[in-house]
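Peer 1: Provided below are the primary sequence and the corresponding predicted coordinates.
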Amino acid sequence: MRRVFWAICALLIAGPAFAQAYPSRPITIVVAYAPGGTTDVLARIMAKAMTAQLGQSVIVENVGGAGGTTGTQRVVRAEPDGYTLTIGNMGSFAANVSLYPNLSFDPRKDLAPIGLIATIPMVVSASKKSGITDMAGFLKRLREKEGSVNIGTAGIGSTSHLAAVAFQHVTKTKATLVNYRGSGPSITDLVAGVVDVVFDQTVTMIPMHKGGSVTAFGVSSKARIAQLPDVPTFIEGGVSEFDLSVWNAMMAPKGTPPEIVAKLEAALSASLDDPEVKQRFSDLAAPAPEAAERGAAHLGKLVARDVDRLGDIVRAAGVKVE
């Protein structure tokens, strides 16, 4: 009995000591999408800031495929020691539960929330070759001939895919969806005119529109954003029912010690308050969460809510993974 008693005492003492020693080696953030998309951009900004906060290198690794499920599953199966994390969004952490009926994990049960990073408006943009310059022209093309407009997405279950699905649902139109392995490839083909239109977050679309390589013609914010003052809202374009904004967040494998989760929560929050991060986020119209929306508890509630909310959208639109 004495041995058991002292063994329990040793474990109780070792827990806090282990947390204090964390991190003692580099941390990997898995992004479940290809490089160049919003999640990837945000992850790299946060990795740099959290490296400074934690005193160890934080490295981003892209593991794309299956609408974000491949990379997310890798983190689900990783050791829950705080050295393998993931940054994803409401597609990979919520919508995929309904899109993939045979999903081998449940984000609500198999991941440990760390915190929200940003909630970002969606922007719809057209290629220069498409001839589409505004919402009226886009809707006209969609309604003239079903399937005549090609919409590129970052893959089934991605936020760009959900946005395209939701838009068709509320406007009662039908386009041809072309699914890629991430936002980067879909936007590359948008610039080349291979696809006509892409829905994506402001983070990727602001630079493309400002650079003149694509034409943004709708943003899902309630009012026009300062970074794209010439781009009307969906409300102005007559599609007020489309109000999809995308949250992005950080998670760890289930079973990660609470002390480590708390340390990551604090590092994430401090990184969001870093002046350089705030400026980068402002330039990209990616507002960081207010104090009340930060941390594991809030993110856990958000994931649970949106598994149901986005599931309703997926079912109403009749989306099926091929």
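Peer 2: Everything's here; your move.

Peer 1: could you find the closest non-adjacent residue to A95?
Peer 2: Excluding the flanking residues, the one nearest A95 by C-beta to C-beta, 6 or more residues apart in numbering is L310, at 4.1 Å. Any C-beta I mention is one placed from the backbone N, CA and C, and that applies to glycine too.

Peer 1: is it true that the one you found touches M90?
Peer 2: Yes. Contact status for L310 versus M90: in contact at 6.6 Å, counting by C-beta atoms under 8 Å.

Peer 1: touching both of these two, which residues are there?
Peer 2: L162 (C-beta atoms under 8 Å, 6 or more residues apart in numbering).

Peer 1: roughly how far does L299 sit from L116?
Peer 2: 5 Å (C-beta to C-beta, to the nearest Å).

Peer 1: next SSE downstream of the longest strand anywhere in the chain?
Peer 2: If you go by DSSP state E, the chain has its longest strand at strand 111-127. Of the helices and strands lying after strand 111-127 in sequence (DSSP states H and E), the nearest is helix 135-144.

Peer 1: so which bits of that next one are buried?
Peer 2: Using 16 or more other C-beta atoms under 10 Å as the test for burial, helix 135-144 gives 135, 138-139, 141-142.

Peer 1: and which of those is nearest to V277?
Peer 2: M135 (32.8 Å; C-beta to C-beta).

Peer 1: give me the mean pLDDT for stretch 237-254.
Peer 2: Mean pLDDT, computed over stretch 237-254, is 95.

Peer 1: next one: stretch 159-169
Peer 2: pLDDT averaged over stretch 159-169 gives 92.

Peer 1: could you do stretch 291-309 as well?
Peer 2: Per-residue scores along stretch 291-309 average to 96.

Peer 1: output stretch 200-214 as CSV - backbone C-alpha positions only.
Peer 2: Taking C-alpha atoms only, stretch 200-214 is exported to CSV below (Å, rounded to 0.1, in the frame of the first residue of the first chain):
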residue,chain,number,x,y,z
ASP,A,200,-13.1,32.1,-50.2
GLN,A,201,-12.2,34.1,-47.1
THR,A,202,-10.9,37.7,-47.1
VAL,A,203,-7.4,36.5,-46.2
THR,A,204,-6.8,35.1,-49.6
MET,A,205,-9.1,37.3,-51.7
ILE,A,206,-8.0,40.8,-50.6
PRO,A,207,-4.5,40.5,-52.1
MET,A,208,-5.9,38.9,-55.3
HIS,A,209,-8.5,41.6,-55.8
LYS,A,210,-6.1,44.4,-55.0
GLY,A,211,-3.5,43.0,-57.3
GLY,A,212,-6.0,42.9,-60.1
SER,A,213,-5.7,39.2,-60.9
VAL,A,214,-9.4,38.5,-60.0
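
Peer 1: now do it: distance to the chain's middle.
Peer 2: Averaging C-alpha positions (C-alpha atoms, centre = their mean, to the nearest Å) puts stretch 200-214 17 Å from its chain's average.

Peer 1: quick one: pLDDT of C9?
Peer 2: 53.

Peer 1: er, F18 I mean
Peer 2: At F18, pLDDT is 48.

Peer 1: okay, how far is it across stretch 77-86, tip to tip?
Peer 2: Chord length of stretch 77-86, first to last residue, is 12 Å (C-alpha to C-alpha, to the nearest Å).

Peer 1: now it: buried residues?
Peer 2: 78, 80-86.

Peer 1: show me the two of those that sit farthest apart.
Peer 2: D81 and T86 (14.2 Å).

Peer 1: next secondary structure after the worst-scoring helix or strand of the chain on mean pLDDT?
Peer 2: Within the chain, no helix or strand scores below helix 2-21, which has a mean of 52 by mean pLDDT, DSSP states H and E. Remark: after helix 2-21, the chain's next helix or strand is strand 27-31, criterion DSSP H and E.

Peer 1: mind putting the buried residues of helix 135-144 into JSON lines with distance to V41 and pLDDT?
Peer 2: As requested, these are exported to JSON lines (distance: C-beta to C-beta, whole Å; pLDDT from 0 to 100):
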{"residue": "M135", "distance to V41": "26", "pLDDT": "98"}
{"residue": "F138", "distance to V41": "26", "pLDDT": "98"}
{"residue": "L139", "distance to V41": "30", "pLDDT": "98"}
{"residue": "R141", "distance to V41": "30", "pLDDT": "97"}
{"residue": "L142", "distance to V41": "29", "pLDDT": "97"}
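
Peer 1: looking at the residues you listed, spot the one nearest G193.
Peer 2: Nearest member of the buried residues of helix 135-144 to G193, counting by C-beta to C-beta, is R141, at 14.6 Å.
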